[in-house]
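J.: only geometry, no sequence info:
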């Protein structure tokens, strides 16, 4: 410890000795009082020197301040802070320490700081540690070149690039603030988290070292072998692989691309939810499903979308749009254990493409055989033809209609003029397509026809017939020829024989008023 010594060769008379002693006591009391009041008036305790091998009192040449040089195995204490170093300058009058070589600072039983040099101000309770800095707080290790530490508020800051190791995560950034009491890091500028399973980058990020959760407050990306994530706000629990993100949020789980105003995803279970402006894209099958709410599973792949739900089968020439109250899909396996997707839409289904439009209550789409099945009073339109039956199946190939089948009470109608309609009905119907255009219709069982003969635009006759099988040829959406097989019975009448509005087959009904004529019509009530 530092000490004050006097020469043994000095001799004083009793009077002089008494006067000198009084003056010395007065000086020491006055000096101690001025130094003590500088600190105690602010309610701050003085730094305590616990040990040093040697102490030398000096006056600092550059500042004129009084200091004590502490040399060898130095240890100091201030409130709950414990410090050690090889040497230090102790400014007793200012309650400050400059420490050098093998710096070690400890606060409580959690935080430790190491470095090459230290400046500590006991009045403001702030510390600056420089050179090969390492901050250790429980399982978190911070490495940087310089740290400013607010001891009273337990806040550490760096501005010269830092690296934090926490569990399996290595975090780097140019700027960082660590709120040790809250176990919270705030990172800015070139933020990056490297994990064995993914890499996360951001401009601004908060990270809770206790829960291992990252909070995004700017454009952020996460990329791994089985997941890509983008957002501008949100959080990601790195320990449990759970995320909740919003603002231009996107998740790509390598099977689906999910977008929404707000997304939730559990990477362990592969379960997610999406809220508002939701879209799920299957890039392999060129399919998009949209709505305002969705849930989904990665394995086995399944999803449900509702609230303005729309299914889109994307095609360069003619995309198919389907709207329903709810659209869902599940993964099934066939007899060979090969998996395929089965999609369902129900309640108020409306479908639109340039070549086909339809309305029904519910439908299904099997990706195994590429068949769309319509149920409950379906109506299908192709060019000028309206087709109805108890149920309808549309067989597609290469994302184009290949053929359609109508089961039970099949009926085909096309309009000639305001009151006249060509009509064909039977038990079952098969229609054939070429380049998405209907070119032939086969009627099987109890076939009946009403067909108007035309000379240009003028009606010249009315053909009524019944037979077991009927073949209809269609050219550019209009019936060009009707061929009747197996004992046909029919007559050709003049067009004036009956009133046009009375020439109807049983079951005729015309629904042009509810036909979706453009994509936006699928949302029409």
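T.: Cool, got the structure. From a predicted model like this one, the values you see are computed outputs, not experimental measurements.
J.: Any stretches of this structure with poor pLDDT?
T.: Across the chain, the ranges flagged by pLDDT under 70 are 1-44, 487, 490, 495-498, 500.
J.: can you list the residues that contact stretch 234-252?
T.: 167-169, 193, 195, 200, 211-216, 220, 222, 227-233, 257-268, 272 (C-beta atoms under 8 Å, 6 or more residues apart in numbering). Yep, even glycine has a C-beta here, placed from its N, CA and C like the rest.
J.: Which members of these occur in strands, if any?
T.: If you go by DSSP state E, the contacts of stretch 234-252 have 169, 193, 195, 200, 213-216, 220, 222, 228-231, 233, 257-266, 272 in strands.
J.: just the buried members of those?
T.: In the ones in strands among the contacts of stretch 234-252, burial by neighbour count holds for 169, 193, 195, 200, 213-216, 220, 222, 228-231, 233, 257-260, 262-266, 272, counting by 16 or more other C-beta atoms under 10 Å.
J.: and residue 485, how many neighbours?
T.: Neighbour count for residue 485, taken as other C-beta atoms under 10 Å: 14.
J.: How about the secondary structure of the nearest residue to it once chain neighbours are set aside?
T.: Once flanking residues are discounted, residue 485 sits nearest to residue 469: 4.2 Å by C-beta to C-beta, 6 or more residues apart in numbering. Judged by DSSP: H, G, I helix; E, B strand; the rest coil, the three-state class of residue 469 is strand.
J.: what do you get for residue 522?
T.: helix.
J.: quick one: contacts for it?
T.: Counted by C-beta under 8 Å, 6+ apart, residue 522 has contacts 310, 321, 322, 323, 350, 351, 352, 516.
J.: In TSV, list those residues along with secondary structure.
T.: TSV is the format used below for the contacts of residue 522 (three-state DSSP):
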residue	secondary structure
310	strand
321	strand
322	strand
323	strand
350	strand
351	strand
352	strand
516	coil
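J.: Closest to residue 96 out of the residues you listed?
T.: Using C-beta to C-beta, residue 310 comes nearest to residue 96 of the contacts of residue 522, at 68.9 Å.
J.: if you skip the residues just before and after it, what's nearest to the closest one?
T.: Closest to residue 310 by C-beta to C-beta, 6+ apart is residue 290, at 4.4 Å.
J.: Could you tell me how many residues sit around the one you found?
T.: If we define neighbours as other C-beta under 10 Å, then residue 290 has 21 of them.
J.: The one 5 residues further on now?
T.: Residue 295 sits with 16 neighbouring residues when counted by other C-beta under 10 Å.
J.: hang on, it in a strand?
T.: Yes - counting by three-state DSSP, residue 295 is located in a strand.
J.: Would you map the helices across the chain?
T.: Using DSSP state H, the helices of the chain run over residues 14-40.
J.: and residue 70, what does it touch?
T.: Taking C-beta under 8 Å, 6+ apart, one finds 2, 49, 52, 54, 55, 87, 88, 89, 90 in contact with residue 70.
J.: how about a cut-off of 6 Å?
T.: 52, 55, 88, 90 (C-beta atoms under 6 Å, 6 or more residues apart in numbering).
J.: so it bridges to which residues?
T.: residue 55, residue 88 (DSSP bridges).
J.: any idea how far it is from residue 198?
T.: The gap separating residue 70 from residue 198 is 49 Å, by C-beta to C-beta, to the nearest Å.
J.: With residue 309 instead?
T.: Residue 309 is 31 Å from residue 198, by C-beta to C-beta.
J.: One more: residue 63?
T.: 52 Å.
J.: Between the two, which has more neighbouring residues?
T.: Between residue 63 and residue 198, residue 198 has the larger neighbour count (other C-beta under 10 Å), namely 21 against 10.
J.: Next, count neighbours for the residue nearest to that one when sequence neighbours are not counted.
T.: Nearest non-adjacent residue to residue 198, counting by C-beta to C-beta, 6+ apart: residue 224, 3.3 Å away. Residues contacting residue 224 under the criterion other C-beta under 10 Å number 16.
J.: what's the answer for residue 416, then?
T.: 17.
J.: who touches it in this structure?
T.: Contacts of residue 416 (C-beta under 6 Å, 6+ apart): residue 452.
J.: same check, this time on the one 5 residues further on
T.: Contacts of residue 421 were listed using C-beta under 6 Å, 6+ apart, and they are 413, 415.
J.: Quick check: it vs residue 357, distance?
T.: On the measure of C-beta to C-beta, residue 421 and residue 357 end up 18 Å apart.
J.: Residue 131 too?
T.: 75 Å.
J.: Give me the more crowded residue out of those two.
T.: Ranked by neighbour count (other C-beta under 10 Å), residue 131 and residue 357 place residue 357 first, with 23 against 14.
J.: Check the contact between the more buried one and residue 381; I expect there is one.
T.: Yes - taking C-beta atoms under 6 Å as the definition, residue 357 is a contact partner of residue 381 at 4.4 Å.
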